[in-house]
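What follows is a predicted structure for the sequence shown.
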Amino acid sequence: MTVRVRFAPSPTGTLHLGGARTAIYNWAFARRNHGVFILRIDDTDPERSTPENTAQIIRSLRWLGLDWDEGPEAGGNHGPYFQTQRARNYTAALERMKATGHAYPCFCSADELAAKRDLTRTTGATSGYDRTCRALPADEVARRLSAGEPHVWRLAVPLERGPVGFSDAVRGETEFPIESIDDFVLVRSDGTPTYNFATVVDDADMEITHVIRGDDHLANTPKQILVFEALGRKTPVFAHLSMIWGADGKKLSKRHGATSVEAYRDMGYLPEALLNYLALLGWSLDGETTIVSADVLTSSFSLERISKNPAIFDPEKLEWMNGAYLRGMTASAFVDAMAPWLIEAGLTTGEDIDARRPWFESIVPLIQERVRRLDEVAEKVAFLFADPVLSAEATDKALRADGASAALRAARDVLDEVDFDAASIEEALRTVPEAVGVKPKTAFQAVRVAVTGSTVSPPLFESLEVLGKEATLRRIDAALSQL
RNA sequence: GGCCCGUUCGUCUAGCGGUUUAGGACACCGCCCUCUCAAGGCGGAGAUCACGGGUUCGAAUCCCGUACGGGCUACCA
């Protein structure tokens, strides 16, 4: 049997971290089992669903490196892949359930229902709706229906069935008393399906074999199993993922900082790193390995190694991981990754990068080990693009130190004479401290500040090589003239 | 209120009855490397496995209860 899984976001907002992790697990599970990964848009909430959100979700998924075999932009023979376009499937399913007595019309008003709810809650009863309309005589039902009286369609929970149990792939055996399951609404008075109905109809029609989704649906599962059964369809395997929390142990939300995938992209995170981090937030390869590539994930992912407890999102570990991925990139890939950030900062243009590609690749070793996010790059390499303005602090600290100006003058003289490669530059500058009688640090920091404008910079000798002799001497002269 | 789920270092986790003085990673501390900052190497501190009962020769691992946290209980998803 071919594994068929789906990620079914409702386009009521951006793709957030929790949704992304669910998508990743579904995708990895499908790939690992040579199955089919389906993207379905659950847009049954007309109030909050928008095409913009759908587009944004798709963009985020693609950015993360996920691909789907069926769904928007991919096609497939189980479509359409938007719930709002599958109305006839829900109608057909409801007809089937009416015919078999698994669904019945309910004419209760919203006020009546609210009153009943309050009552059942105070009496400690377990089921929500009291099933008043389920007991209506057939002729009365027929009369009110033909009179056009507003009504919803409810599931007739088979009380005689006994407890609804299932073996969750993550949580194990789980069982719900049949009395605790409500005769919930399948189809609203306006004819549209509710989530618990539409999802089952679609999962059945799309022949979904494994439903991997958020923990918030665990209690919905017995309801959905009842619908699968009423429809005469095989129930899929369920796997419920626990939530992702913020540092305070509360559901991740804006209060904890960025929650959308695109926000992380915009903060300079690599998709590979976010994918890796999210994958490990609730799943482990072996308990030892922390760097897990997409390839490893899609060849090793298993439901058994998903953890049951909620995970707290740790931005610091994500940042560390992003740095690890950044360090692992080739110079060429790094240039591609940082290009938008350099352009955005106004340091260069796309044309310039294309024209001087080797030079741009030569600056990569200067910064690759020093950044954890792409948004840190521009500030670190800015000195390569424009002469720095020396801050008062840096000047006082490095240029006005004892012996600094003499060292700087000496450095200028030796640099003028040398071939401008890092090794030669180092050899030349290493003679300065002794010649002038200062500590190496004093001499090097003076040059660093004169050339980069800061007491903190990439390695000095390599930086000078990349900068070039002309700019280096010009900056040293400028600094000397200020002393 | 009812039903259901969860609980191992600050955080993510390994562990699936004895191999455990509970392992790894992030963060933290120290040392080394060193032209600054990083990166890297080495070492350290950090978990009475929520608590209380059982079962067993033996429990973080199995069972029950309690506490705490969470989910569902909508004509939201």
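Here it is on my side, so go on.

Every contact and neighbour count from this point should use C-alpha atoms.
OK.

Next, give phi and psi for the nearest residue to residue A:273 once chain neighbours are set aside.
Leaving out its chain neighbours, the residue that sits closest to residue A:273 by C-alpha to C-alpha, 6 or more residues apart in numbering is residue A:322, at 5.0 Å. Per-residue torsions, residue A:322: phi -60, psi -40 (degrees, to the nearest 10).

how about residue A:322, what does it touch?
Taking C-alpha atoms under 8 Å, 6 or more residues apart in numbering, we find residue A:322 in contact with A:269-270, A:273-274, A:372-373.

ok, it to residue A:271 distance?
Residue A:322 is 9 Å from residue A:271, where distance means C-alpha to C-alpha, to the nearest Å.

ok, back up a step: among the contacts of residue A:322, which two are most distant?
A:274 and A:372 (12.6 Å; C-alpha to C-alpha).

Let's verify residue A:212: helix, strand, or coil?
strand (DSSP: H, G, I helix; E, B strand; the rest coil).

and the top helix by length along chain A, what does it pack onto?
The longest helix of chain A (DSSP state H) is helix A:17-32. Where contact means 3 or more C-alpha pairs under 8 Å, 6 or more residues apart in numbering; DSSP states H and E, helix A:17-32 is packed against strand A:4-7, strand A:36-39, strand A:210-214, helix A:271-280, helix A:294-300.

any idea how far stretch A:2-19 is from the chain center?
Its chain's C-alpha centre and that of stretch A:2-19 lie 11 Å apart, by C-alpha atoms, centre = their mean, to the nearest Å.

For RNA strand B, tell me whether it is touching it.
Yes - with C-alpha under 7 Å from any atom of the strand as the measure, stretch A:2-19 is seen reaching RNA strand B through A:9-10.

What are the buried residues along that stretch?
Using 16 or more other C-alpha atoms under 10 Å as the test for burial, stretch A:2-19 gives A:3-19.

cool, stretch A:60-77 as well?
Going by neighbour count (16+ other C-alpha under 10 Å), the buried part of stretch A:60-77 is A:60-61, A:63-64, A:66-72.

Mark which of those residues are part of helices, please.
Among the buried residues of stretch A:60-77, the members found in helices (DSSP H) are A:60-61, A:63.

Make CSV out of those and add distance to RNA strand B.
Formatted as CSV, those follow (distance: C-alpha to the nearest atom of the strand, whole Å):
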residue, distance to RNA strand B
A:60, 18
A:61, 17
A:63, 22
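
Switch those residues over to CSV; also include distance to residue A:187 and pLDDT.
Compiled in CSV, those are given as follows (distance: C-alpha to C-alpha, whole Å; pLDDT from 0 to 100):
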residue, distance to residue A:187, pLDDT
A:60, 32, 97
A:61, 31, 98
A:63, 36, 98
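
Now do residue A:405, the pLDDT please.
Residue-level confidence at residue A:405 comes out at 91, pLDDT.

And it, its phi and psi?
As for residue A:405, its main-chain torsions (degrees, to the nearest 10) stand at phi -70, psi -40.

Pull up the gap between residue A:268 and residue A:339, please.
12 Å.

Kindly report the same for residue A:170.
42 Å.

neighbour-wise, which of these two wins?
Using other C-alpha atoms under 10 Å as the criterion, residue A:170 and residue A:339 rank with residue A:339 on top: 21 against 18.

Secondary structure of that one: a helix, I assume?
Yes - looking at residue A:339 with three-state DSSP, it is inside a helix.

Can you give me every residue that contacts residue A:191?
residue A:152.

Residue A:309 - how many residues pack around it?
For residue A:309, using other C-alpha under 10 Å, the count is 12.

Spell out which residues of the stretch 51-200 of chain A are next to RNA strand B.
A:107-110, A:113, A:117, A:120-129, A:150-152, A:171-177, A:180, A:184-185, A:187-190, A:193-196.

Quick one: buried ones out of the residues you listed?
The neighbour count (16+ other C-alpha under 10 Å) marks A:107, A:117, A:127-129, A:151-152, A:171, A:176, A:180, A:184-185, A:187, A:189, A:193-196 as buried among those.

Out of those, list just those in helices.
Per DSSP H, those map to helices at A:117, A:195-196.

three-state assignment of the residue found closest to residue A:264 once you drop the neighbours it is linked to in the chain?
Using C-alpha to C-alpha, 6+ apart and skipping the chain neighbours, the partner closest in space to residue A:264 is residue A:258 (7.1 Å). Taken by three-state DSSP, the conformation at residue A:258 corresponds to coil.

what do you get for the one 10 residues further on?
Secondary structure assignment for residue A:268 (three-state DSSP): coil.

Next up, the contacts around it.
Counting by C-alpha under 8 Å, 6+ apart, residue A:268 touches A:373-375.

got it, and residue A:294?
Going by C-alpha under 8 Å, 6+ apart, residue A:294 touches A:272, A:275-276.

Quick check: what element follows the worst-scoring helix or strand of chain A on mean pLDDT along the chain?
Averaged element by element with mean pLDDT, DSSP states H and E, chain A has its least confident helix or strand at helix A:110-123 (a mean of 78). Sequence order places helix A:138-146 as the next helix or strand after helix A:110-123, per DSSP states H and E.

centre of the chain versus that following helix, how much separation?
51 Å.

ok, residues contacting that helix?
Contacts for helix A:138-146 (C-alpha under 8 Å, 6+ apart): residue A:105.

buried residues in it?
Those would be residue A:141, for helix A:138-146 by 16+ other C-alpha under 10 Å.

Could I get the CA-only coordinates of it as PDB?
Presented in PDB, the C-alpha positions along helix A:138-146 are these (Å, rounded to 0.1, in the frame of the first residue of the first chain):
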ATOM      1  CA  ALA A 138     -40.000  11.100  10.700                       C
ATOM      2  CA  ASP A 139     -43.100  12.900   9.500                       C
ATOM      3  CA  GLU A 140     -42.400  16.000  11.500                       C
ATOM      4  CA  VAL A 141     -38.800  16.000  10.200                       C
ATOM      5  CA  ALA A 142     -40.200  15.700   6.600                       C
ATOM      6  CA  ARG A 143     -42.700  18.500   7.200                       C
ATOM      7  CA  ARG A 144     -40.200  20.900   8.700                       C
ATOM      8  CA  LEU A 145     -37.600  20.200   6.000                       C
ATOM      9  CA  SER A 146     -40.100  20.800   3.200                       C
END
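
Show me where chain A has its strands.
For chain A, strands defined by DSSP state E occupy the ranges A:4-7, A:36-39, A:103-106, A:152-155, A:164-168, A:172-176, A:185-187, A:210-214, A:237-241, A:244-245, A:311-312.

Make JSON lines out of these and add distance to residue A:230 and mean pLDDT.
Formatted as JSON lines, those follow (distance: least, C-alpha to C-alpha, whole Å; pLDDT from 0 to 100):
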{"stretch": "strand A:4-7", "distance to residue A:230": "22", "mean pLDDT": "98"}
{"stretch": "strand A:36-39", "distance to residue A:230": "24", "mean pLDDT": "98"}
{"stretch": "strand A:103-106", "distance to residue A:230": "9", "mean pLDDT": "96"}
{"stretch": "strand A:152-155", "distance to residue A:230": "9", "mean pLDDT": "97"}
{"stretch": "strand A:164-168", "distance to residue A:230": "13", "mean pLDDT": "94"}
{"stretch": "strand A:172-176", "distance to residue A:230": "17", "mean pLDDT": "92"}
{"stretch": "strand A:185-187", "distance to residue A:230": "12", "mean pLDDT": "96"}
{"stretch": "strand A:210-214", "distance to residue A:230": "18", "mean pLDDT": "97"}
{"stretch": "strand A:237-241", "distance to residue A:230": "17", "mean pLDDT": "97"}
{"stretch": "strand A:244-245", "distance to residue A:230": "34", "mean pLDDT": "94"}
{"stretch": "strand A:311-312", "distance to residue A:230": "36", "mean pLDDT": "95"}
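
Fine by me, thanks again.
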